[in-house]
Every structure is written in structure tokens, then in C-alpha cells.
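Novice: I would like to see how this sequence folds:
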Amino acid sequence: MTPRLELAGVSKHFATKIAWPREPAPPHVKLWRAFTRQPALVRAVEDVSLAIAPGETLGLVGESGCGKSTLGRTVLRLLAPTRGAIRFDGQDIARLSDAAMRPLRRRMQMIFQDPYASLNPRMSVGTAVGEPLEIHQPELGKRERGERVAALLQKVGLPADAATRYPHEFSGGQRQRIGIARALAVAPSFLVCDEPISALDVSIQAQIVNLLQDLQAADKLTYLFISHDLKIVQHLCDRVAVMYLGRVVELATADELYRSPRHPYTRALLSAVPVADPAAAATRKRIVLTGDVPSPLAPPPGCAFHPRCPVPNKPPECTTLIPPTRLLGGAQVACHVAEA
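Specialist: The predicted model follows:
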């Protein structure tokens, strides 16, 4: 079966310059400025390879700033990749022009994190949900477009008369339902869900997750689900990819990853997830990582995780060689010291 989405060695770098103060500076600072005039590279995503099957939900987790959202925008070609191949339904879209990408936009859409910022406050809900239809299906008449909008709103659990109202009249959960309806307007097959519940109350999060599951079953959707909530990811996702400083360090089925994490970073993340059983919580060992996440401007040599890795007596290659991806049990792990 052809994967819905396949990434091969995808990287995304951003050029930036260090901003120096304008006041008079001593000679050593002037010399340093001379050496730093060349743009520096922010390595937001580095050499990511993975595949998502039709109808599958792949979770993407990691700390803030690890490159999750950048990867999500890159696979949709909202950002152009620096290098690598992005195959959507077997077609490499990494180097397609904007004009060539436009017909593909109907098949890939995004649900954004912030339901307050992702909707135009001056645009009625009906206009916002119907806008993708105007762009991608201009042959539809006004009446038919209105009927489609009403059906979409009903599909996500909102009344049809919501089309005449404005975003400020709705709660956060209702606004996210509007965003989901807008993403579904052109009947896509693939959705990037960029932390779609993180801005919502806990009481509303489960409703949105259940809605996404129902829509996936009804429309055979494929999801890339980006989140930092590991409990939600365990409940919703078929497989999980763990990112650290722009690289995928572990990829496994959700059952395998939560039952037997291999990478030290994955074990540290899972040790911080709350558990409902007080007895289990009392006996569980919490792994506390020391130090800060390194800057993507200057990632450490070798394994990017080695300055914070809690494994004792690490071999020298941890600090000199980027770890290759190995198959351990049912997981793909990029680590020199991980064991099956």
C-alpha cells in the first residue's frame, strides 16, 4: 500500500543573523562582530524520515521548540524544505511550485492550535467555512455553497444558524469545531492537527478528541497529530514519533512506546506523565533531565541529547557520532546506548 505521506531525509533550516547593539564597543567585540556577519542557520528540522499509512494517526511529540510545528508546516508545503523528499500519495511535492501545489491543497489541510487566532474576527462563520469552497470549487453557486457550509457545521456538532454569527460569539471549543469544519470543507484525505486541544479547557479536550476520531472513521482521514500531551497521544494515535532538537529519536506503535520506551529521552518524557493510581505513582521513578535544551543554532556534536542524557558511563561515540536509526524490538531508535 502506498503511504499517504512519506518523508525521506527532510530538513528545514532558517537563516538568521545575530543582532548586535549599536553603541560603541571594545575592540574584541568589534572583532567578534566581523566573524559573525554571515547568516547563522537555525536547524529546526534535521534529516526526518517517516511514513504515514492511509487512515493512520501518527503522533508527533517532544518539548516545546523541538521542531514539531515546523515539520507539520513543511509537510504541507507551507514552508519549503531545505532538502529531502516529501511524497504525498506517491508524488514528490518537495519542489513543486505554488501553482502546481494548488490542486493538492484540497487533499491536505491543517487544524491550528489557537482557535482564537485562526479565525478572522471580521468574517462570519459561514464565510470562513465557505472560503475554501470559493477558492477550490468556484463552480459552486451561492446556495449550494451555503448548504455545504450548513452540513459541515452540523457534522462538527454546531447548529446551522451558527453560519450567520461571528467567532467572538462562541466558546473556545466551539471555535475549534469551526476550524475543523473549515479544514474539512474541501474533503481532504490528510490533516495536520497542530496541538488542536492545547488551548482548550480540559473538560472540552475530550470532546474534540472524540470528534476527530468520529470524523476519521466516517471520512477515512489520515492524521499527523502534533501534541505535548502524552496521555492524549496514547489514546488517539496508532504510532508515535518522538522528536528532540529537530530529529526523530524514536518511532514505534503507541502500545510499544508506552509499554517499553527505548530512548532515554522517551523514558524521561513518559516518567513525567501523571498516573491515576496513587500506589503506582508512589513507586514510579521520575527521571529529571538536567540542563537546558541546546540551541538549534549550535546543536551539540554527536548525539544532540548527550549533554542531558541520564545514562551513566556513556561511550565516546555519543559525543562524536550522530546515532544511526536502529530497529530494537518493534521500535526505530536513534541512540548509541539504547538496548532491546
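
Novice: so what's A280 scoring on pLDDT?
Specialist: For A280, the pLDDT comes out at 66.

Novice: can you give me the helices for the stretch 151-300 of the chain?
Specialist: Here the stretch 151-300 of the chain has its helices, by DSSP state H, counting those that start in this stretch, at 172-184, 202-219, 230-236, 254-259, 264-271, 278-283.

Novice: P324 is nearest to which of these?
Specialist: P324 lies closest to helix 264-271 among the helices of the stretch 151-300 of the chain, at 16.3 Å (Cβ to Cβ). Any C-beta I mention is one placed from the backbone N, CA and C, and that applies to glycine too.

Novice: what sits up against the closest one?
Specialist: For helix 264-271, the surrounding residues in contact (Cβ atoms under 8 Å, 6 or more residues apart in numbering) are 61-62, 230, 242, 244, 249-250, 257-258, 261, 284-289, 305, 309-311, 335, 337-338.

Novice: all strands of the stretch 1-150 of the chain, in order?
Specialist: Taking DSSP state E, counting those that start in this stretch to define them, one finds strands in the stretch 1-150 of the chain at 5-16, 40-52, 57-61, 83-88, 91-92, 108-111.

Novice: Just the buried residues of the contacts of helix 264-271.
Specialist: Buried subset of the contacts of helix 264-271 (neighbour count, 16 or more other Cβ atoms under 10 Å): 61-62, 230, 242, 244, 249-250, 257-258, 261, 289, 305, 309, 335, 337-338.

Novice: wait, which of these is closest to A187?
Specialist: Among these, and counting by Cβ to Cβ, the member closest to A187 is V61, at 28.5 Å.

Novice: Please give me every residue in contact with that closest one.
Specialist: Contacts for V61 (Cβ under 8 Å, 6+ apart) come out as 68, 226-228, 230, 233, 240-243, 269.

Novice: how is this structure carved up into domains?
Specialist: Using automatic domain parsing, the domain parsing of the chain gives 5-17+39-237, 260-340.

Novice: Mind telling me which of these the model trusts least?
Specialist: Across the domains of the chain, domain 260-340 has the smallest mean pLDDT, namely a mean of 87.

Novice: hang on, I232 packs against Q205?
Specialist: Yes. Between I232 and Q205 there is a contact under Cβ atoms under 8 Å: 7.0 Å.

Novice: So between those two, which is more surrounded?
Specialist: Neighbour count, other Cβ atoms under 10 Å: between I232 and Q205, I232 has more, with 21 against 18.

Novice: so how many other residues sit close to the closest residue to the more buried one other than its chain neighbours?
Specialist: In space, and not counting its chain neighbours, I232 is closest to V209: 6.1 Å by Cβ to Cβ, 6 or more residues apart in numbering. Neighbourhood size, V209 [other Cβ under 10 Å]: 18.

Novice: Same check on R165?
Specialist: By other Cβ under 10 Å, neighbour count at R165 equals 16.

Novice: Ok, the one 5 residues further on next?
Specialist: Using other Cβ under 10 Å, F170 is surrounded by 18 other residues.

Novice: Please tell me how far L269 sits from C335.
Specialist: Distance from L269 to C335, counting by Cβ to Cβ, to the nearest Å: 14 Å.

Novice: Then G55?
Specialist: 30 Å.

Novice: likewise G329?
Specialist: For G329, the distance to C335 - Cβ to Cβ - is 13 Å.

Novice: Between the two, which contacts overlap?
Specialist: With Cβ under 8 Å, 6+ apart, G329 and C335 have common neighbours R262.

Novice: thinking again about what came up before, which residues touch the residue nearest to I232?
Specialist: If a contact means Cβ under 8 Å, 6+ apart, then V209 has 197, 232, 235-236 as its contacts.

Novice: Mind putting those into JSON lines with distance to E134?
Specialist: Below are these laid out as JSON lines (distance: Cβ to Cβ, whole Å):
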{"residue": "I197", "distance to E134": "29"}
{"residue": "I232", "distance to E134": "34"}
{"residue": "H235", "distance to E134": "36"}
{"residue": "L236", "distance to E134": "32"}
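
Novice: Looking at those, point me to the pair that's furthest apart.
Specialist: I197 and H235 (11.3 Å).

Novice: coming back round to it: and which of the contacts of V61 is nearest L140?
Specialist: L140 lies nearest to I226 out of the contacts of V61, by Cβ to Cβ, at 31.5 Å.

Novice: That closest one reaches G72, doesn't it?
Specialist: Yes. When contacts are counted by Cβ under 8 Å, I226 is listed as touching G72 (5.3 Å).

Novice: Tell me what the spatially most central residue of the chain is bridged to.
Specialist: Nearest to the mean C-alpha position of the chain, by Cα atoms, centre = their mean, lies I226 at 3.5 Å. Beta-bridge partners recorded for I226 (DSSP bridges): L60, D194.
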